[in-house]
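Asks: sequence? don't have it. structure:
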């Protein structure tokens, strides 16, 4: 192999790694929810105290 072939292989590997990193960063940024999505997913719940009282009365 001459230097031209090695340069071509090196550039190809380098560009492949750069593309791989860019695609991984893009995929990760799409998975992370935005502030608006976090605020939109608020949980509303009610606690049934009757069940808690019933559990307190039980003995192990």
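Replies: Cool, got the structure. The structure displayed is predicted, hence computed values, not measured ones.
Asks: Output the below-cut-off pLDDT ranges for the chain.
Replies: Residues of the chain that meet the criterion pLDDT under 70 lie in 41, 60.
Asks: now do 90
Replies: Residue ranges of the chain with pLDDT under 90: 1, 29-49, 51-60.
Asks: quick one, helices of it?
Replies: Ranges of helices in the chain, per DSSP state H, are 3-31, 35-40, 49-57.
Asks: In contact with the residue most central in space within the chain: list those residues for me.
Replies: The chain has residue 31 as the residue nearest its centroid, 4.5 Å off, counting by C-alpha atoms, centre = their mean. Contact analysis of residue 31 by C-beta atoms under 8 Å, 6 or more residues apart in numbering lists nothing. Just so you know, the C-beta spots here come from the backbone N, C-alpha and C atoms, and that holds for glycine as well.
Asks: Let me know the distance separating it from residue 24.
Replies: Distance check for residue 31 against residue 24: by C-beta to C-beta, to the nearest Å, it reads 11 Å.
Asks: Kindly report the same for residue 54.
Replies: Distance from residue 54 to residue 24, counting by C-beta to C-beta: 51 Å.
Asks: again, but for residue 46
Replies: 42 Å.
Asks: Between these two, which is the more surrounded one?
Replies: Between residue 46 and residue 24, counting by other C-beta atoms under 10 Å, residue 24 is the more crowded of the two (10 against 5).
Asks: list the contacts for that one?
Replies: By C-beta under 8 Å, 6+ apart, residue 24 has no neighbours at all.
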